[in-house]
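Student: Provided below are the primary sequence and the corresponding predicted coordinates.
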Amino acid sequence: MKQIKPIIWGIAIIALGIIFGGNALGLFNLDIFFDGWWTLFIIIPSVVSLITDKDKIMSLGFIAVGVILLLAAQDVFSYDVAWKVILAVFLVAAGLSIIIKSIFHSKNDQEVAKKVAEATKDGKTMDSQFAAFSGSDRVYKDEVFTGSNVSAIFGGVNLDLRNAKFEKDTVIKAFALFGGIDIKVPEDVKVKLKSGFIFGGISDDRKSASEKGKYTIYIDAAGGFGGVTITDKVKK
């Protein structure tokens, strides 16, 4: 599924090139700059996400927003009405997301939640990273990783654990609000994820999810309009 997204984007760019080239050569006349053409920058990425990502509710919500703004640009109704409808769409989508995640609460989520609760209760040492309207970068180099609280609010955080040392299972609590968090993990460590996002989520971009690692990182990620990305790029 990870290979589908770049293929879709490649096809879209090729189609755009054909349209521009055909118009320039007089082969046809397709006007892509119609009223509200800019809404395609909302609709097209959302359609791609709908096909490739697991969180369908968020993608459907943004598609609805794009279509509503397109209709407003086409004078089907006013922008004043459009923004009210958009607010209603977001509220409904947020409610559905909470209900669905609650109903389909997996054993994996319960396990991660239990590990996080144990780490908090026992007062285990955990590093902390916080970025608000800024960036934060933490790279572990032959240091023992004992856990971390990571927050990104209108900012970005990079947590690089590729060269960290592990002596036991660890926990990462991640919160992203209109921000992004990148967590790079070793290839020989297992990772278990729990997502509590509203309009956002976790992207697991590891080349191969290890199931044979000696230690496990339990990641509890939550927030809104943001995301957490997990990678296991080769150590340098």
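Tutor: That came through fine. Residues are numbered from 1 along each chain as shown.
Student: Please enumerate the strands of the protein.
Tutor: Remark: strands assigned in the chain by DSSP state E are 127-132, 135-144, 148-153, 156-165, 170-177, 180-184, 190-198, 201-204, 216-224, 227-231.
Student: Using a markdown table, lay out those together with mean neighbour count and mean pLDDT.
Tutor: Every C-beta, even on glycine, is put in place using the N, C-alpha and C of the backbone. A markdown table is the format used below for the strands of the chain (neighbours: other Cβ atoms under 10 Å; pLDDT from 0 to 100):
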| stretch | mean neighbour count | mean pLDDT |
| --- | --- | --- |
| strand 127-132 | 15 | 88 |
| strand 135-144 | 13 | 91 |
| strand 148-153 | 21 | 91 |
| strand 156-165 | 19 | 92 |
| strand 170-177 | 24 | 90 |
| strand 180-184 | 22 | 92 |
| strand 190-198 | 19 | 82 |
| strand 201-204 | 20 | 80 |
| strand 216-224 | 23 | 87 |
| strand 227-231 | 21 | 89 |
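Student: Distance to Ile44 added to these, as CSV?
Tutor: Below are those laid out as CSV (distance: least, Cβ to Cβ, whole Å):
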stretch, distance to Ile44
strand 127-132, 29
strand 135-144, 28
strand 148-153, 26
strand 156-165, 24
strand 170-177, 24
strand 180-184, 21
strand 190-198, 22
strand 201-204, 19
strand 216-224, 23
strand 227-231, 19
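Student: And the ones you listed: which comes nearest Trp9?
Tutor: Nearest to Trp9 among the strands of the chain is strand 201-204; the distance by Cβ to Cβ comes to 15.6 Å.
Student: picking that back up, tell me which of the strands of the chain lies nearest to Ile8.
Tutor: For the strands of the chain, proximity to Ile8 was assessed by Cβ to Cβ; strand 201-204 is nearest, at 16.0 Å.
Student: Partner strands of the closest one, with direction?
Tutor: As defined by DSSP bridges, the strand partners of strand 201-204 come to strand 227-231 (parallel).
Student: And the strands of the chain: which comes nearest Ala15?
Tutor: strand 201-204 (25.7 Å).
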